[in-house]
Structure formats: C-alpha cells, structure tokens
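Enquirer: Let's see this in three dimensions:
(chains A and B)
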Number of protein chains: 2
Amino acid sequence: MLNESIIEHRRGVGGGVAFIVCGPSGAGKNSVIERVMEALPGLSYSVSFTTRPRRSDEVDGRDYHFITDEQFNDLVENDEVVEHVTYLGHQYGTSRAQIKSVFADGKDVILNIDVNGAKKLMERGLSDFSIVYIFLTPSSLEILGTRLRERGTETEKQMEARLIVAAEEMKSMPLFDYLVINDDLNTAVAELQSIVVSERCRVISRK
Amino acid sequence: MLNESIIEHRRGVGGGVAFIVCGPSGAGKNSVIERVMEALPGLSYSVSFTTRPRRSDEVDGRDYHFITDEQFNDLVENDEVVEHVTYLGHQYGTSRAQIKSVFADGKDVILNIDVNGAKKLMERGLSDFSIVYIFLTPSSLEILGTRLRERGTETEKQMEARLIVAAEEMKSMPLFDYLVINDDLNTAVAELQSIVVSERCRVISRK
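Expert: Residues are numbered from 1 along each chain as shown, chains lettered A, B, ... in the order given. Below is the predicted model of the structure:
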C-alpha cells in the first residue's frame, strides 16, 4: 500500500472546508482567528464586505472591504456574495470569488460571519465545499459588556444595542457544530486550533 | 444569562464520550495515547482483557488484564465485555464495568481496541454513551514492518502474520471518524489531542 493511498483517506489541508466563526460582537473572534492562522499552515482569511464606517483601528482590506451601499447592492445583484445580512443598519456580506480563490490555492478558508448570515448558509448550504460552524463567545454577557466597554470605540447606547443583539444571537448556539469559550485567549486559541486540526483528520468517504 | 447556561451548550469534559483508538499492531497506539493522557485532564484509559501471554515489557493491569480462557469465557457469558474478538489465536475484550466507572468519575474514556472489535461496536452501538472512532496508523505498511522489527519481541513469522492482518485492517479505515497518521510521534499526539479537545467543544442539542 502506497503512502498516498493511506493519507488520501483523510481530508487533510485544503480539503475544501470553510471554517465559519460566529459570535457576538466583542467576543474576540478576530484575535482568536489571527492567532490560529499564525499557528497553523494552510488557512486563509476571507475578508467580508461591509457598508459600515471604518473604525479607527481598522484597515480596509484587512478587517473588511469597506464599500458603499451602491457597490454592495451591485454585489448582491450579481450573486457575488454567498450570504449577506443587515446588522444595526449596515450591510455585511461574504465574497464568493474570494472563497473560490482560497480553495484554488489548496488552503482552507476561515470566515468571521454574522450569526444571521451563518443561519442563512445553514439553510441553503453551499454545493462546492463543506462548512464547519463554530460559535465563539465569552461565557457570559457580563464579560462581553466589559470587553465592549474596554474597546471604547462606541457610545454607551451603541453598546447596549450590541448586547441586546448578542443575547438574541446566543439563542442560535444549538445550531452550531462547535462552541469555543473565549474567557481566556490562549484557551480559546487552542480550542479553535484543535477544531481545525481535527476536521483535517476527518476520514472522507471515497467517491 | 448565567455562565452555566452558555457552557452547558457544549459537551465538555466527561460528556460521556468513549474515544476508541484502533489501528494495526505496531502503529504506536499506546505511546500516542499515553502522551495525550499526560497532556489532557479528564481522560481515563480502559484496560482490555486478553488471554494472550504477557510480553516482557508489559505490566498486568496497565497494558492488559491478562486472564485465562476460562475467565474470559465467563466474562463473555455474563455480558461483562462490550465487545470481544479473537486475534491470532488469542481473545481480547473491553470491560463494561470499567467504562461505566470512568463516566461515573466525570471523565472521558479512551480505549485501544482491535479493528474488528470496533466494527462490532459500530454495528451494535452503545446506548449509554457516544463513541468517537479513531484510526491510527503510520502512512505505510513498510514503516509498520520496520517498527515491529525494532520492537524485536516476535519471530519473523509472527511479524509477517501481523502485517497480513494489518493490510486487511487498513480496508476498514473508511468506517472511522478520524484518521491519525503516526509517522512522527509529536504530530500524532497533537492530532489525537486535537480530536479530544474539539469533540469536547461539540455543541449538544438540549433534550
């Protein structure tokens, strides 16, 4: 039996998996994703489109592609986003072309998507690749509130709005495959990393 | 929302999972399992029964419970093993009482089971707990043969018999959930560890 024939029984790196990380605003999704990408090879981050204004600590093309409402509507019309949602008055969407180009590179894609966007994907699915749904959150809304306050980029009213949305988003947790608790960054990084590694060890049924 | 209500959405440690590690003789299952148990809390190893003679490097009660054919037949008759197989003329079986006591301790159980024993469990299932099936093997039979030779505990004829059985066992790989490649011990340990951690992050549906 050749080496290839054994290793080919598992998904491996670049096995066409999209790791979707969801969770309330302030959960620390970006920090965890960043650290996991540093630790593991073969992961590429797909940057979402948004019509919301850029925060002072954000970089266009790294955190989001910041575009206008008109540009966004064009993308939707031309079916260039796999999902899109409106969150607190702004639009967010995931580029189809970007996901395809990651897979063409032989890597896995990791995405930071809104909970409602993920729910839309769960309903529709995507024929070309497998999706692993991961919910990432601190263990309580109290911790979440503290983090949003520490970030200090928003008014008290905006934060309250985010916490109300967060409480609502928590209800969707049972729909996800995995739940990563981010009370401690190192633990959360180790958990998300384990999910990626183990999904790559999954046995695939031959076609 | 209380802390408990979020964390309770995932399986966690001691969520009633049996991690079954299978693979050909000489694959290094015991070494990998040992290292993972050192690294992760809440894992307990279930020692199998066997009627095969003890090897010089083995300890009764640690590697196996070495028992007579008569004792083994009594266990089977009293339904005290969850699965049992005959391999190269000797009997092997997994204690039901031991698994139950691990779960009663709030831990997960990890088992080293013969491939055919695992296949029997797949067919029958076990009502009281979830089973995660892991196949562990080097990436080729050549590497396996080298390892068996290095162990030097058997005759050339016994090793040939093991390699014939191994080639047969490889055919069952597609039935397993995960495939861990043990060409490098550290990599294999990281993979098995990731599987345990990620399975503990699995979202459970509330009843």
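Enquirer: Give me the neighbour count for A:Arg54.
Expert: 12 (other Cβ atoms under 10 Å in any protein chain shown). Any C-beta I mention is one placed from the backbone N, CA and C, and that applies to glycine too.
Enquirer: which phi and psi does the residue nearest to it when sequence neighbours are not counted have?
Expert: Nearest in space to A:Arg54, with sequence neighbours left out and distances taken as Cβ to Cβ, 6 or more residues apart in numbering or on different chains, is A:Phe66 at 5.0 Å. Backbone torsions for A:Phe66, taken as degrees, to the nearest 10, come to phi -80, psi 120.
Enquirer: how about A:Phe66, what does it touch?
Expert: A:Thr50, A:Thr51, A:Arg52, A:Pro53, A:Arg54, A:Asp60 (Cβ atoms under 8 Å, 6 or more residues apart in numbering or on different chains).
Enquirer: Pick out whichever of those sits closest to chain B.
Expert: A:Arg52 (26.1 Å; Cβ to the nearest Cβ).
Enquirer: Any quick ChimeraX command for the buried ones out of the contacts of A:Phe66?
Expert: ChimeraX command restricting the contacts of A:Phe66 to the buried ones, with burial defined by 16 or more other Cβ atoms under 10 Å in any protein chain shown:
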select /A:50,51
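Enquirer: Identify those among the contacts of A:Phe66 that sit within strands.
Expert: If you go by DSSP state E, these have A:Thr50 in strands.
Enquirer: Reformat the contacts of A:Phe66 as a markdown table; add distance to B:Met122.
Expert: A markdown table is the format used below for the contacts of A:Phe66 (distance: Cβ to Cβ, whole Å):
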| residue | distance to B:Met122 |
| --- | --- |
| A:Thr50 | 46 |
| A:Thr51 | 50 |
| A:Arg52 | 49 |
| A:Pro53 | 54 |
| A:Arg54 | 52 |
| A:Asp60 | 51 |
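Enquirer: Across the sheet, point out what pairs with the most centrally placed residue in chain A.
Expert: Compute the mean C-alpha point of chain A, and by Cα atoms, centre = their mean the closest residue is A:Asn112, 2.2 Å away. Beta-bridge pairing for A:Asn112 (DSSP bridges): A:Val21.
Enquirer: Looks like it contacts A:Lys29 (just checking).
Expert: Yes: using Cβ atoms under 8 Å, A:Asn112 makes contact with A:Lys29 at a distance of 5.0 Å.
Enquirer: quick one: common contacting residues for these two?
Expert: With Cβ under 8 Å, 6+ apart, A:Asn112 and A:Lys29 have common neighbours A:Val21, A:Cys22.
Enquirer: so who does the residue nearest to the centre of chain A touch?
Expert: A:Asn112 touches A:Val21, A:Cys22, A:Lys29, A:Asn30, A:Ile33, A:Tyr45, A:Ser48, counting by Cβ under 8 Å, 6+ apart.
Enquirer: Select only the buried ones of these in PyMOL?
Expert: Selection of buried members from the contacts of A:Asn112 for PyMOL, criterion 16+ other Cβ under 10 Å:
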select buried, chain A and resi 21+22+29+33+45+48
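Enquirer: which one of the contacts of A:Asn112 sits closest to B:Thr94?
Expert: Comparing these against B:Thr94 with Cβ to Cβ places A:Val21 closest, at 37.5 Å.
Enquirer: per-residue confidence at the closest one?
Expert: pLDDT for A:Val21: 97.
Enquirer: wait, what's in contact with it?
Expert: By Cβ under 8 Å, 6+ apart, the neighbours of A:Val21 are A:Lys29, A:Val32, A:Ile33, A:Ile110, A:Leu111, A:Asn112, A:Ile113, A:Ile134, A:Leu136, A:Val180, A:Leu192.
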